[in-house]
Each structure stands twice: as structure tokens, then as C-alpha cells.
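Student: model this:
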Amino acid sequence: MPVVLMLLLTLPVAVALACLRVPAAVARTATAGCGAACFGLVLALVPAAAHGDVQYLRFLRVDAVSAVFLLATGFLYAAAAVYSIGYLSGRADQRYSRRFWVGLNLFAWAMLAAPMMSNLALLWVAIEVTTVVSALLVAIEDTDGAAEAAWKYVLLASTGLGLALLATIFAYYAGAHVLGQSYDLGFAQLIAVAGRLPHAAVQLSFVLAVVGFGTKMGLVPVHTWLPDAHSEAPTPVSALLSGSLLAISFYAILRFYQVAEAALGPRFPRNVLLVFGVASLLLAALYLFGQRDIKRLLAYSSVEHMGIMAIGVSFGAPAALAGVLLHVLAHAAAKGNAFMGAGVLVRKFGTNRIADLRGGLDLLPWSGPLFLLAIFALGAMPPFGLFRSEFEIVAGGLGQGSDVAAAILIVGVTVAFFGLAAATTRVLMRPPRRAVPAVELELVPAGAGPGGLAGSAPAGPAVARGEPSGWMVVPVVAGALVLLLLGVHPPAELNELFDRAVRLLSGAGS
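Tutor: Numbering: from 1, shown residues only. Next up, the predicted model:
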């Protein structure tokens, strides 16, 4: 198993360096192969992580909690790499393609590295690397909007990570009182002596971590970079940002949560997460109404789901914690599918504007229905994984006596579903545009709408039926199958992984 950790840490970097020199056709094949290999390596870690920690040297360590987040990143890395082959098809700019493949591999590498770090300082460094690489990918389109979104992202994320660094310093200060100044901020060391840590320093460290890493996670009110970055980034990058990067930032908060709960008891850290979670869920649910850009719509959906996960941890019940961990995986698959489906729509119609996207079910025989299934999954409809995860979270909250918070969660999720459904109906169900001959335009009666004959589909350039690329369909089909598997019958090995991760998060395991 230590060999697996080293391969996960080195393989994406090696492929990224190779992509600097090889032709684009070779780079895309190498990236897709690397993504599939990394996902396979993560799957190989699951049985070992379900029964104990996997460690190599002093700085690489994977436990059950780490493995859950590695699974989400590994799957999306593979899916985005395959999708990108179709996404870049027909693009003649070799320089752009080379930068894209290098950036995609480095981005995935940083997100795979973060959960493998054994201490808080290295975890902060890994997440800082994700900021640098992902900001360059947001700006890669070289437009004014992309440059503005990347600058806003760098400014806010750097501020947040500055607070997260301060949180790490306070955590070190708290540990130094017990362990001396030469310890390395390892999670296990801090948790082992948590009962003797100074409470004020731990409280301040946890709050700063929630605000700081919460900036990267997309928690309200430090979420404002997220809609701009998601809407301007290339679609495969948007899928990784939403399904993996936000989750990795949440992982960092969970590590601080483990220390805070062990040192302070459950009440303080859970209340902090509940406040941020409820604010994120409710505000994002309302923002889903009236969105004009399909990728911004999905970005606000991500804020909603980050709020759900924060609320789930605040319940503290084993069922709710298991639901949160399942939610991490199911949200990665569902949001990856949704962004990749939106990317096909944007490619087909040449615009992000919801008002100009119509007839998706008619014109896209595969991507249209798959996008609809992704929206159903994000709305927690059965039998998909997010229905199961949110059911477990709500059941855990009710079992703990958090009736009001559970009710708020149900209401927020319902409102969010209506917002998603309204936009999706316009995109998929309206009749497609049809070209209207000039002679017909002369016969349009007075008072008819601007689209042509009263009650007809608007005139405009007709869009041919068919998929832009089969490469953009295959990973979405795989994501839909994963969502069904997680919702209907999660594998026994995955349930064992969740059980041990729940024990670790609740302080009942080592």
C-alpha cells in the first residue's frame, strides 16, 4: 500500500511534465490513462483504509476519512480527462491544448495530495497549490470575463487561505503547550492530547479554519468567487472545482473539527458549522431562482450542497456523518455530470445563457436525458445517491433532537429543487429554434411575438440533432451508473469505509 501512495503522489506530476513536450494527441491519451490509473489506485486503497491507516514516510497518511475524499477526486479526475478529449476536439491551438493538459493534471495532483498529507501544515500547502493551479485554469480562456473571475478567485481565496494559515498557527500554538515546539502538527498527535490543549486557542483555530477553508469550500458569506469562476472556467475544470475542490476544502475543515471536538466537546464546533451551513443552504436555494447563466446556476447548487454537508456534520449523529460522507461521493458524481451535461449544451448552442438554450431533449439524444437525470439527482430524487445521503442526514438530525435544523434542511432542499427544475425545464423542454423562410416572415400577423408566428418556436439558426462528441457522453453515463449504485446498493467495502470514518469523526475510533 505505501507504493500506492507514492504512485498517487508522483504519477500525475510525471504526466503533466510529459504534456509539456509531447503532441496534444499523446497528451490527451496519457492524461486519460493517468486519470483511470489514479482512480484504480484509490480503489485499491479502500479495503486497507477501511481497517486501518496506510502510511509512508512521515508525511503521507491515508485513513478512512481521507479515502472517501480521494475516491471523489479520483473518479472526477478520470471522468474529466475522458470528457476533455471531446471538449478539445476541433481546437487547432496546440499551445492552448498543451497548457490545458498540463494544468488539468497538476490540478488533480494537488487535490489528490491534500487528503494524503499527515499534518495540518502540509494540508494547508497542498490546498494553496490547488488555488494557484486552478486560478490559471480559470483564466485559460484568455477573455476579459475569465481574467476578472480568476483575479477575484485569487484575491478571495488567498485571503481565506491567509486566515486558514492563521488557524494552523494557532493549532500549532495549542499543541506546543503540550507536545513542545518540535512536533509536526500531525492530526493523530493533536487528537491524542486534545484534552490538555488550551481551549481558547483551539476555539480560535477552528473558527478561523471554517472561515478560511470555507472560502475555498464556498460557504456563505465567503462564496462570492465561486459563481464567477465556475461560469468562466472550461467545463472539465468547472466539474473538478465543484465536485472535488470544494470537497477537499471541506476535508480540511473536518480535520480541524476532529481536534476541536476532542478538545472542547461537540457543542461549540457543531454550532459553528450549523450557522454557516444553514446560511449557505438558504441563500443558495434562493439564488437558484432567476439565474441567467447555466453554469452559474450549477455553481449556486454547489454552495447549497456544501451547506447540507456542514449541517450534517453539525448533527453529529453516526447516521448523519455517514450521510455526509456518502454525500461527498454522490455530489461529486452528480455535479460532475451536471457540469459536463451543461458543457455539451453550451457547445451545441454556443452560449451559456439559459434563455438561448432550448430543445435539449430533442437535439441531444444522450446528453439531454443524462442532464435531466443529473438535475434529478441534485434535487435528491430517488433512487440516486443524494437521496440516500440526505435521507441519512435528516434521519440523524431528527434522532439527535435537532428537529428545527432538520426541518430547515428539508425546506431548503425543496426550494433549491424547484429553482433547478424551473431552469432545467426551460433548457430541455421548450421546442428548439427553427429557421423561418423570408417569405414566411412577411406573412407574420401583426401582434405576433418576436419569435415569429404566435405560439410557435422562435425563429433563428436551426441546430442539428446529435451529440458534439461521444467522448463527452461516456463519462456522464459512468457518473449516472455511480449515482444509481450509491443510491440503491453501495458496495460492502464502501460501507465498511464509512463505518470506520464515522468512528474517527465521532472520536470513537483511532
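Student: and the average pLDDT for the helix or strand containing residue 203 is what?
Tutor: Here residue 203 is covered by helix 199-217, with elements defined by DSSP states H and E. In this model, helix 199-217 has an average pLDDT of 97.
Student: list the buried residues of it.
Tutor: Taking 16 or more other C-beta atoms under 10 Å as the basis for neighbour counts, the residues of helix 199-217 that come out buried are 201-217. All C-beta atoms are positioned from the backbone trio N, CA, C, and that covers glycine.
Student: next secondary structure after that helix?
Tutor: Taking DSSP H and E as the definition, the helix or strand that follows helix 199-217 towards the C-terminus is helix 225-232.
Student: return the helix or strand in this protein with minimum mean pLDDT.
Tutor: For the chain, scoring each helix and strand by mean pLDDT, DSSP states H and E identifies helix 438-442 as the least confident one, at a mean of 42.
Student: other residues contacting the helix or strand following that one?
Tutor: Scanning forward in sequence from helix 438-442 by DSSP H and E, the next helix or strand is helix 474-488. Contacts made with helix 474-488 from outside it, assessed by C-beta atoms under 8 Å, 6 or more residues apart in numbering, are listed as 75, 78-80, 82-83, 326, 329-330, 333-334, 336-337, 340-341, 366-367, 370, 373-374, 377, 382-389, 491.
Student: just the buried residues of those residues.
Tutor: Buried members of those, scored by 16+ other C-beta under 10 Å, are 75, 78-80, 82-83, 326, 329-330, 333-334, 336-337, 340-341, 366-367, 370, 373-374, 377, 384-389.
Student: excluding chain neighbours, what is closest to the spatially most central residue of the chain?
Tutor: With distances taken as C-alpha atoms, centre = their mean, residue 243 lies nearest the centre of the chain, 1.9 Å away. Computed as C-beta to C-beta, 6 or more residues apart in numbering, the closest residue to residue 243 that is not its neighbour in sequence is residue 332, at 3.8 Å.
Student: which residue ranges form the helices in the stretch 101-250 of the chain?
Tutor: For the stretch 101-250 of the chain, the helices defined by DSSP state H, counting those that start in this stretch occupy 120-138, 144-179, 187-192, 199-217, 225-232, 235-240, 246-264.
Student: residue 416 is nearest to which of the ones you listed?
Tutor: Of all these, the one in closest proximity to residue 416, counting by C-beta to C-beta, is helix 225-232 (14.8 Å).
Student: and the closest one, what other elements does it pack with?
Tutor: Identification of packing neighbours for helix 225-232 by 3 or more C-beta pairs under 8 Å, 6 or more residues apart in numbering; DSSP states H and E yields helix 120-138, helix 144-179, helix 294-315.
Student: can you name every helix or strand that the shortest one contacts?
Tutor: So that's helix 120-138. Secondary elements touching helix 120-138 (3+ C-beta pairs under 8 Å, 6+ apart): helix 94-113, helix 144-179, helix 199-217, helix 225-232, helix 235-240, helix 246-264.
Student: three-state assignment of residue 91?
Tutor: The three-state assignment at residue 91 reads coil, by DSSP: H, G, I helix; E, B strand; the rest coil.
Student: now swap in residue 372 and tell me
Tutor: The three-state assignment at residue 372 reads helix, by three-state DSSP.
Student: isn't it right up against residue 364?
Tutor: No - the criterion here is C-beta atoms under 8 Å, and residue 372 misses it with residue 364 at 10.3 Å.
Student: who has more neighbours out of these two?
Tutor: Between residue 372 and residue 364, counted using other C-beta atoms under 10 Å, residue 364 has the larger neighbour count: 23 against 19.
Student: residues contacting that one?
Tutor: If you count contacts by C-beta under 8 Å, 6+ apart, residue 364 has them with 344, 345, 348, 371, 465, 466, 467.
Student: narrow the contacts of helix 474-488 to those in helices?
Tutor: Using DSSP state H to define helices, the subset of the contacts of helix 474-488 located there is 75, 78-80, 82-83, 326, 329-330, 333-334, 336-337, 340-341, 367, 370, 373-374, 377, 385-389.
Student: doesn't residue 61 fall inside a helix?
Tutor: No - secondary structure of residue 61 (three-state DSSP): strand, not part of a helix.
Student: nearest spatial neighbour of it, skipping sequence neighbours?
Tutor: The spatial neighbour of residue 61 that comes closest, neighbours along the chain excluded (C-beta to C-beta, 6+ apart), is residue 118 at 3.7 Å.
Student: that neighbour against residue 62, yeah?
Tutor: No - counting by C-beta under 8 Å, residue 118 sits too far from residue 62 to count as a contact (9.0 Å).
Student: list residues touching both of these two?
Tutor: With contacts taken as C-beta under 8 Å, 6+ apart, the residues that reach both residue 118 and residue 62 are residue 55.
Student: quick one on the thing from earlier: ranking the helices of the stretch 101-250 of the chain by burial, who's on top?
Tutor: Greatest average neighbour count among the helices of the stretch 101-250 of the chain goes to helix 235-240 (a mean of 28), per mean count of other C-beta atoms under 10 Å.
Student: for that one, packing partners?
Tutor: Helix 235-240 is packed against helix 64-87, helix 94-113, helix 120-138, helix 294-315, helix 318-349, with contacts defined by 3+ C-beta pairs under 8 Å, 6+ apart.
Student: try it again with 10 Å
Tutor: helix 64-87, helix 94-113, helix 120-138, helix 225-232, helix 294-315, helix 318-349, helix 474-488 (3 or more C-beta pairs under 10 Å, 6 or more residues apart in numbering; DSSP states H and E).
Student: re earlier: distance check, the residue nearest to residue 243 against residue 80.
Tutor: Here the criterion is C-beta to C-beta, to the nearest Å. By it, residue 332 lies 11 Å from residue 80.
Student: anything in contact with each of those two?
Tutor: Contact criterion C-beta atoms under 10 Å, 6 or more residues apart in numbering; residues shared by residue 332 and residue 80: 239, 240, 243, 244.
Student: wait, the last one sits on residue 332?
Tutor: This means residue 244. Yes - checked against C-beta atoms under 10 Å, the pair residue 244 and residue 332 is within contact range at 6.2 Å.
Student: residues shared between the contacts of those two?
Tutor: When contacts are counted by C-beta under 10 Å, 6+ apart, the set common to residue 244 and residue 332 consists of 69, 72, 73, 74, 75, 76.
Student: how about the contacts made by the second one?
Tutor: When contacts are counted by C-beta under 10 Å, 6+ apart, residue 72 is found next to 42, 111, 115, 243-244, 247-248, 251, 325, 328-333, 336.
Student: pull the contacting residues for the closest residue in space to it that isn't next to it in sequence.
Tutor: With C-beta to C-beta, 6+ apart as the measure, residue 332 is the residue that lies nearest to residue 72, at 3.9 Å, once sequence neighbours are left out. Going by C-beta under 10 Å, 6+ apart, residue 332 touches 69, 71-76, 79, 239-240, 242-244, 246-247, 385, 479, 482.
Student: which residues sit against stretch 2-12?
Tutor: Under the contact criterion C-beta under 10 Å, 6+ apart, stretch 2-12 has outside partners 14, 31, 33-35, 37-38, 40-45, 48, 54-57, 59-62, 70, 73-74, 77, 104-113, 115-117.
Student: now, of those residues, which are buried?
Tutor: Once neighbours are counted (16+ other C-beta under 10 Å), the buried part of the contacts of stretch 2-12 comes down to 31, 34-35, 37-38, 41-43, 45, 48, 54-56, 60-62, 70, 73-74, 77, 104-113, 115-117.
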